[in-house]
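1. no sequence for this one, just the structure:
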């Protein structure tokens, strides 16, 4: 197991920053996590924030950095463009954008875009998780990547044929925090997927998604008329929104879904998918993005060497 | 046409206050509207706010007041209870609650409750509109009452067999104001129902409600990839949420829907219902609530006289 720093891998999202110092064989030598997402960082400057993390880990100046996520958006550090679907995520490294004017070598990976005239869609960050998650797979698979904006992705090997985003996580935060249901869903503790109201919400959202905006109001009425508790309502709200997403994604009983997630979200979606009769194949999201960043760097170097051997 | 003040009719909601001074035949002699809804008024006191409006219209002390809406909720002025479905809205006057300790006679009308264990629901204020709207009708009808919390009501004559609330209006405000879509739906001007994006959203929401939380994200992606405008996106968002409501309400082509609404909401729902092939029978919401409050007062007096003749 190598202990020499080889690469800094960064997943830089809208509201979070995650950095891993990797050895050549992908071993995690050190890790940094913070809330310094794109929106918080714009004022201080991306390079300043990144270098302060690297300094705290004493990362030598010649160790390169590969970044995925919203840092590559128009409002981010340097716009890193999109690969259009159908897209081979194996190509994101070759299509990376070099951050100009830095002494350290820093590259940002592109996102994916579906330019459908009626239902356009975009992702940034998940394509790198998909690269990592698909390294061991050659057959076709459907990937579920839950989050603020959940992604459902159809792949064959490393080629993304299409994907769909559902605003599930953001809707949960918005509805439980900023509507009349804030009074009926309590202080925002974690949803317990073992609460029977969660599974009940999943079933209602999955089988009758057209009733979701009605079922939401039931949380309020149920508290008034039947003393439904805040914990129960929060679990039911989460279940309704996830169930509705599973309906939109067309999940069928017996189908195998590759769930790329970690922590609390992994547990919620695992229970929800199982409730709908799907078979779940779990892949840890952190491991997937580390592997994807490492692999993207490898193909970036290979391309650079082909063009101008050093 | 009588010009003698007979009754003060008040629709006192969560975020709005509307008062009409009526003659004995229901003619509107004066009107007051403000944003002094239940939530704003709690500190100053309901009686203080009401009497200041009455003083500005020089309403004599012996003119009574009948109130419907959230002023009768547990967080309101005086809790006015519920009639349970199936409920005859003709009985809301007889079941009114007298506000105690006021020299002027003031009554608050009850709401309606559906105590279904799985899908409980409540309304406050719409039952009075329904009373007014159903005075001329004896046959069965489906009523659509759009708003912050839209109500769909099945009635035969004046009897409500059941109803369903959809959080459409509040979701529109929350999603367009408090999520990432705030950047893609602009400053909140009125939605133009003639914008083709509105009808397109209605069709998508009505035919594929399970995709609504996906279609929401398309607004963001459409702006990034195809320069969809804020106005277009706001119209599409409104159409998606209304179309999804129409799907949940089970609207079918050829069906007649009684639309109780006024102003901008009436125009949006009229276009949306027509887009789904429904026949729309319009009833002005303001007129309906005035008639309902007047009729409820009449039956309150009739009951009082029967019990203890004056």
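-> Looks like it came in fine. Quick caveat: nothing in here was measured; it's all calculated off a predicted structure. Residues are numbered from 1 along each chain as shown, chains lettered A, B, ... in the order given.
2. of all of the stretch 1-150 of chain A, which residue lies closest to chain B?
-> Residue nearest to chain B within the stretch 1-150 of chain A (CB to the nearest CB): residue A:120, separated by 4.2 Å. (Each C-beta comes from the backbone N, C-alpha and C, glycine too.)
3. so who does that residue touch?
-> By CB atoms under 8 Å, 6 or more residues apart in numbering or on different chains, the contact set of residue A:120 is A:113-114, B:218, B:221-222, B:224-226.
4. Closest one of those to residue A:79?
-> Distances from residue A:79 to the contacts of residue A:120, taken as CB to CB, are shortest for residue B:224 (11.0 Å).
5. Let's verify the closest residue to residue A:39 other than its chain neighbours: helix, strand, or coil?
-> Among residues not flanking residue A:39 along the chain, residue A:14 sits closest, at 6.0 Å (CB to CB, 6 or more residues apart in numbering or on different chains). Secondary structure, DSSP: H, G, I helix; E, B strand; the rest coil: residue A:14 is coil.
6. Residue A:14 and residue A:75 touch, don't they?
-> No. At 9.2 Å, residue A:14 does not count as touching residue A:75 under the criterion of CB atoms under 8 Å.
7. So for chain A, the centremost residue is which one?
-> residue A:126 (5.1 Å; CA atoms, centre = their mean).
8. low pLDDT regions in chain A?
-> Applying pLDDT under 70 to chain A picks out residues A:188, A:306-310.
9. where do the helices sit along it?
-> Assignment of helices within chain A using DSSP state H yields the ranges A:38-41, A:46-56, A:126-134, A:168-178, A:182-185, A:196-207, A:212-226, A:230-248, A:263-275, A:285-307.
10. most packed of these?
-> Of all those, helix A:126-134 carries the top mean neighbour count, a mean of 28, counting by mean count of other CB atoms under 10 Å in any protein chain shown.
11. What are the contacting residues of that helix?
-> Residues from elsewhere that reach helix A:126-134 (CB under 8 Å, 6+ apart): A:11, A:68-69, A:83, A:87, A:89-90, A:92, A:109-112, A:141, A:143, A:145, A:151, A:153, A:155, A:157-158, A:160, A:258, A:260, A:283, A:285, A:287-296.
12. follow-up on the earlier one: for the residue nearest to residue A:39, what are its contacts?
-> By CB under 8 Å, 6+ apart, the residues touching residue A:14 are A:37-39, A:70, A:148.
13. Report back the residue of chain A that's furthest from centre.
-> Here chain A reaches farthest from its C-alpha mean at residue A:225, the gap being 38.5 Å by CA atoms, centre = their mean.
14. how far away is that one from chain B?
-> 5 Å (CB to the nearest CB, to the nearest Å).
15. among the helices of chain A, which is nearest residue B:271?
-> With CB to CB, the closest approach to residue B:271 among these belongs to helix A:212-226: 19.2 Å.
16. separation between residue A:73 and residue B:99?
-> 57 Å (CB to CB, to the nearest Å).
17. Residue A:3 against residue A:23, yeah?
-> Yes. Between residue A:3 and residue A:23 there is a contact at 6.1 Å, judged by CB under 8 Å.
18. Mutual contacts of these two, please.
-> By CB under 8 Å, 6+ apart, residue A:3 and residue A:23 have these common neighbours: residue A:29.
19. more neighbours, these two?
-> The residue with more neighbours, out of residue A:3 and residue A:23, is residue A:23; 16 against 7, by other CB atoms under 10 Å in any protein chain shown.
20. which residues touch the closest residue to residue A:230 other than its chain neighbours?
-> Computed as CB to CB, 6+ apart, the closest residue to residue A:230 that is not its neighbour in sequence is residue A:186, at 2.9 Å. Residues near residue A:186 by CB under 8 Å, 6+ apart: A:229-231, A:233-234.
21. Out of the residues you listed, the closest to chain B would be?
-> Among those, residue A:233 lies closest to chain B (CB to the nearest CB), at 11.9 Å.
22. so who does the closest residue to that closest one other than its chain neighbours touch?
-> Using CB to CB, 6+ apart and skipping residues adjacent in sequence, the residue nearest residue A:233 is residue A:219, 4.4 Å away. Residue A:219 makes contacts with A:181, A:184-185, A:228, A:233, A:236-237, as judged by CB under 8 Å, 6+ apart.
23. Around chain B, which positions in the stretch 51-200 of chain A sit nearby?
-> By the rule CB under 8 Å from any CB of the partner chain, the part of the stretch 51-200 of chain A lying against chain B is A:74, A:113-115, A:117-122, A:149, A:164-168, A:170-171, A:174-175, A:178-180.
24. Of those residues, which belong to strands?
-> A:113-114, A:121-122, A:164-166 (DSSP state E).
25. can you pick the most crowded of those residues?
-> Highest neighbour count within those, by other CB under 10 Å: residue A:166, with 29 neighbours.
26. got a list of what that one touches?
-> Contacts of residue A:166 by CB under 8 Å, 6+ apart are A:149-150, A:152, A:245, A:248-249, B:213-214, B:217.
27. switch to 10 Å and redo it
-> By CB atoms under 10 Å, 6 or more residues apart in numbering or on different chains, the contact set of residue A:166 is A:144, A:146-147, A:149-152, A:241-242, A:244-246, A:248-249, B:210-217.
28. Identify the bridge partners of it.
-> Listed by DSSP bridges, the beta-bridge partners for residue A:166 are residue A:150.
29. Give me the distance between it and residue B:210.
-> Counting by CB to CB, the gap from residue A:166 to residue B:210 is 10 Å.
30. Between those two, which contacts overlap?
-> Counting by CB under 10 Å, 6+ apart, the residues touching both residue A:166 and residue B:210 are A:244-246, A:248-249.
31. Report the entries of those residues that also contact chain B.
-> Among the shared contacts of residue A:166 and residue B:210, the ones lying near chain B by CB under 10 Å from any CB of the partner chain are A:244-246, A:248-249.
32. from those residues, which is closest to chain B?
-> Nearest to chain B among these, with distances taken as CB to the nearest CB, is residue A:248, at 4.3 Å.
33. so who does that closest one touch?
-> Residue A:248 makes contacts with A:150, A:152, A:164, A:166, A:168, A:205-206, A:209, B:208-215, as judged by CB under 10 Å, 6+ apart.
34. Thought residue A:161 was touching residue A:140, still the case?
-> Yes. With contacts counted by CB atoms under 10 Å, residue A:140 reaches residue A:161, the gap being 8.8 Å.
35. and for those two, which residues touch both?
-> Joint contacts of residue A:140 and residue A:161 (CB under 10 Å, 6+ apart) are A:154-155.
36. Find the pair from the contacts of residue A:120 with maximum spatial separation.
-> Farthest pair in those (CB to CB) is A:113 and B:218. Separation: 12.3 Å.
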